[in-house]
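Chemist: I need the structure of the sequence given here:
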Amino acid sequence: MAALLLGVAGLTASAAGVVIQMLPRRFSAAQAEQLSTWEMLRRWRAWPAGQIFPRTLGYELPGYAFSGVRGLHLTARRVGIAQMAHCTNAVDTAAAKILTRQGCQVVLRATYVDATRSLVTTVGVAVLPTSAAAASAATALSAGSGVRPGVVPVPFPRTIAARFFEPERQLTVATSDGPYLVLSAAGFADGRPRVRISTDGYTEAEMFSLANGLARAVEKPLSAAPPAPHCPGSPGC
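Modeler: Modelled structure (predicted):
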């Protein structure tokens, strides 16, 4: 009888363990955040380049730039997509130090031309290990005034962006959301060397709207929050 009772108790305990294993698993806030970051980090490898850098991207020119009441919605067109580059090769020296310190893995870049075909912008996506690392890098790259450290422009021969090199970079933008740091560099399509665009309110507003608008447009789908992690419950979950 004692042996039978012990056997029943053991069977009951085993059954309880199986039931617990089959129940939906609950994740802590830290675990849920880590799983979401992993899901986001899959995107730059899994998505086609044309999905990360669409053929066209919209941006807004604010009304104050041209004395208008309402802003103007404009469309930039992609000139080309560059090959994947090492972090230290895709940004300038000052930015490379910041990205290396934050554990940058790789940088993806594409160049766009604005609606008037007078401005060009290179958008770069730097892949960082965590959201905190990306945010820290964005803060460091947004400090100071003038032309801040940032992504190296990518020219494409026999296109409107053929003369867009580092000396032609007029303005830079850095923003982050999730584990992605998105960098943008803008300049003139005619190969004009760096000038003080701050003396021309309209040009500065137009160029910033282009650079910032495209950076945000690329960033948004990459860093969109994935569905909350869910585990229905099983030994392999």
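Chemist: element containing residue 78?
Modeler: Take DSSP states H and E as the rule and residue 78 turns out to sit in strand 72-81.
Chemist: mind saving the C-alpha coords of that strand as CSV?
Modeler: Taking C-alpha atoms only, strand 72-81 is exported to CSV below (Å, rounded to 0.1, in the frame of the first residue of the first chain):
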residue,chain,number,x,y,z
LEU,A,72,4.3,70.6,-48.7
HIS,A,73,4.5,66.8,-49.1
LEU,A,74,7.3,65.9,-51.5
THR,A,75,8.7,62.6,-52.8
ALA,A,76,12.4,61.6,-53.0
ARG,A,77,13.5,59.0,-55.5
ARG,A,78,16.2,56.4,-54.9
VAL,A,79,19.3,56.7,-57.1
GLY,A,80,21.1,53.5,-55.9
ILE,A,81,21.8,51.1,-53.1
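Chemist: which residues touch that strand?
Modeler: 49-50, 53-61, 63, 66, 108-115, 120-121, 154, 156, 159-161, 210, 213-214 (C-beta atoms under 8 Å, 6 or more residues apart in numbering). (Glycine included, C-beta is placed from N, CA and C.)
Chemist: what does stretch 151-159 give?
Modeler: Where contact means C-beta under 8 Å, 6+ apart, the residues beyond stretch 151-159 that reach it are 79-80, 82, 89-92, 95, 107, 109-111, 120, 122-124, 161-166, 168-169, 172, 183-185, 187.
Chemist: buried set for that stretch?
Modeler: For stretch 151-159, a neighbour-count test (16 or more other C-beta atoms under 10 Å) marks 151, 152, 153, 154, 155, 156 as buried.
Chemist: and the fifth one, how far is that from residue 120?
Modeler: Spelled out, it's residue 155. Distance check for residue 155 against residue 120: by C-beta to C-beta, to the nearest Å, it reads 8 Å.
Chemist: which residues are in contact with both of the two?
Modeler: Taking C-beta under 8 Å, 6+ apart as the contact rule, residue 155 and residue 120 both touch 111, 161, 164.
Chemist: thought the last one was touching residue 186?
Modeler: What it means is residue 164. No: with contacts defined as C-beta atoms under 8 Å, residue 164 does not count as touching residue 186, sitting 9.2 Å away.
Chemist: C-terminal to the strand holding residue 78, what's the next element?
Modeler: As assigned by DSSP H and E, the chain's next helix or strand after strand 72-81 is helix 87-90.
Chemist: just the C-alpha atoms of that next one, please, in CSV.
Modeler: Presented in CSV, the C-alpha positions along helix 87-90 are these (Å, rounded to 0.1, in the frame of the first residue of the first chain):
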residue,chain,number,x,y,z
CYS,A,87,31.0,50.6,-39.8
THR,A,88,34.4,52.3,-40.0
ASN,A,89,34.3,52.5,-43.8
ALA,A,90,30.7,53.9,-44.0
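Chemist: which strands and helices sit next to it?
Modeler: Packed against helix 87-90 by the contact rule (3 or more C-beta pairs under 8 Å, 6 or more residues apart in numbering; DSSP states H and E) you find helix 93-101, strand 106-113, strand 119-127.
Chemist: between helix 93-101 and the last one, find me the angle.
Modeler: Taking axes from the mean of the first three to the mean of the last three C-alpha atoms, to 10 degrees, one finds that strand 119-127 is oriented at 20 degrees with respect to helix 93-101.
Chemist: could you check the angle strand 72-81 makes with strand 119-127?
Modeler: Using the same axes, to 10 degrees: strand 119-127 against strand 72-81 is 70 degrees.
Chemist: partners of strand 119-127 in the sheet?
Modeler: Its sheet considered, strand 119-127 pairs with strand 106-113 (antiparallel), strand 180-188 (antiparallel) by DSSP bridges.
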